[in-house]
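Chemist: Could you work out the structure for the sequence below:
(one chain, ligands or ions: 1)
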Amino acid sequence: MGIYALTGAATGIGAALSRQLREAGNDTIVVDVKAEDADIVADLSTAAGRKSAVEGIQARAPEGLDGFVPLAGLGGHVTPPSLIARLNYFGAIACVEGVRDLVARRQGAVVLISSNSAPGLGVNEEYLGLLAAGEESAACELIDTLNSALAYAGSKLAIARWMRHHVTEYAKCGIRLNAVAPGVTRTPMTDAVYENPQVREAMLAYVASIPVERTAAPEEIANAIRFLLGPEASFVCGSVLFVDGGQDASQRPDQM
Ligand SMILES: NC(=O)c1ccc[n+]([C@@H]2O[C@H](COP(=O)([O-])OP(=O)(O)OC[C@H]3O[C@@H](n4cnc5c(N)ncnc54)[C@H](O)[C@@H]3O)[C@@H](O)[C@H]2O)c1
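Modeler: Take a look at the predicted model:
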């Protein structure tokens, strides 16, 4: 059986994935800012937290990792917007790069977490350019003059772009890089959005447009991530898998 490291797995999709991997007989290493249910407590919005997370994973998996999934993220309702950029993009990428040698050692897989809402919430190319260039301070300064929805959408679009730009480099080390783009999933993140009167109506309208007429359970997203991590996805590399009840296809039918 394998050994997998996950960030942001104290609740929601990550907790479901961690449970499924353990039930299948694997070991998991969970990094989270919440102490309960975490093997390594770290705030991945900070450089110090990212460093201690990577060092903690290295200490617990000296023989390497079969897979890594950076799930830690904040929704587009959180302020300041720069916190979203720091965690969703810079935290995720720093951790992927930090554990790359460990995943290469076992010819494993990395699954990044994008979002089906990334293309629809608005795009600011200057912000995306700063994310891609790794300019954390400048990206944060810019996004704090804009808003959290743009911060979130940009962070998730940039994650998918980063994955596609790095697919060859990682494949040469024996690592398959892929991403999932979940649709609306019932987790503490979306509970917080429903409870926010400023965005609740927009969220309800968005949910009403899902072709299968329901939101996802966290386990349904975790199922797709497990597929991408596992041997049945051995030739799946560089894909963004939309797991969203048909919403992206229905809203952007001519894009692929
Ligand atoms: N729920 C959805 O509808 C949805 C849709 C698309 C994408 N996503 C993405 O899926 C991922 C998981 O989200 P979820 O819905 O399970 O949310 P969630 O809030 O249940 O989980 C997020 C996890 O990240 C952790 N976290 C928060 N701040 C952190 C920090 N500074 N350092 C380390 N850990 C931190 C939380 O403690 C939590 O365990 C996120 O990246 C999110 O953007 C979710």
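Chemist: Any residue of stretch 237-253 touching the ligand?
Modeler: No - Stretch 237-253 is not in contact with the ligand by CB under 6 Å from any ligand atom; minimum separation 8.2 Å. (Each C-beta comes from the backbone N, C-alpha and C, glycine too.)
Chemist: Also stretch 51-68?
Modeler: No - residues of stretch 51-68 contacting the ligand under CB under 6 Å from any ligand atom: none, with a closest distance of 7.9 Å.
Chemist: who are the neighbours in contact with the nearest residue to His165 once chain neighbours are set aside?
Modeler: Spatial nearest neighbour of His165, excluding adjacent residues (CB to CB, 6 or more residues apart in numbering): Ala132 at 7.7 Å. Contacts of Ala132 were listed using CB atoms under 8 Å, 6 or more residues apart in numbering, and they are 158, 161-162, 165.
Chemist: go on, Leu87?
Modeler: So Leu87 contacts 44-45, 72-74 (CB under 8 Å, 6+ apart).
Chemist: how close does the spatially closest residue to it that is not a sequence neighbour sit to the ligand?
Modeler: Excluding the flanking residues, the one nearest Leu87 by CB to CB, 6+ apart is Ser45, at 4.3 Å. Taking CB to the nearest ligand atom, to the nearest Å as the measure, Ser45 and the ligand are separated by 4 Å.
Chemist: what does His166 give?
Modeler: His166 is 18 Å from the ligand, by CB to the nearest ligand atom.
Chemist: I'd assumed Leu177 was in contact with that residue.
Modeler: Yes - in this structure, His166 sits in contact with Leu177. The criterion is CB atoms under 8 Å, and the distance is 6.1 Å.
Chemist: Comparing these two, which residue is more hemmed in?
Modeler: Set side by side, His166 and Leu177 give different neighbour counts by other CB atoms under 10 Å, the larger being at Leu177 (24 against 19).
Chemist: who are the neighbours in contact with the more buried one?
Modeler: With contacts defined as CB under 8 Å, 6+ apart, Leu177 is in contact with 109-110, 112, 163, 166-167, 170-171, 237-238.
Chemist: what do you get for Val236?
Modeler: With contacts taken as CB under 8 Å, 6+ apart, Val236 has the following neighbours: 176, 178, 228.
Chemist: Wait, the second one touches Ser234, no?
Modeler: No - using CB under 8 Å, Asn178 and Ser234 do not qualify as a contacting pair, with a distance of 11.6 Å.
Chemist: ok, those two, which is more surrounded?
Modeler: It is Asn178, of Asn178 and Ser234, that has more neighbours when counted by other CB under 10 Å, with 22 against 9.
Chemist: and the gap between the more buried one and Ala139?
Modeler: 24 Å (CB to CB, to the nearest Å).
Chemist: do Glu195 as well
Modeler: Glu195 sits at a distance of 28 Å from Ala139 (criterion: CB to CB).
Chemist: With Val31 instead?
Modeler: In this structure, Val31 and Ala139 are 23 Å apart, going by CB to CB.
Chemist: again with Pro70
Modeler: When CB to CB is the yardstick, Pro70 and Ala139 sit 18 Å from each other.
Chemist: can you give me the helices in this protein?
Modeler: Taking DSSP state H as the test, the helices found in the chain are 12-23, 47-60, 81-84, 92-105, 125-132, 136-143, 148-172, 188-195, 200-208, 218-229, 247-251.
Chemist: I am finished for the moment; much appreciated.
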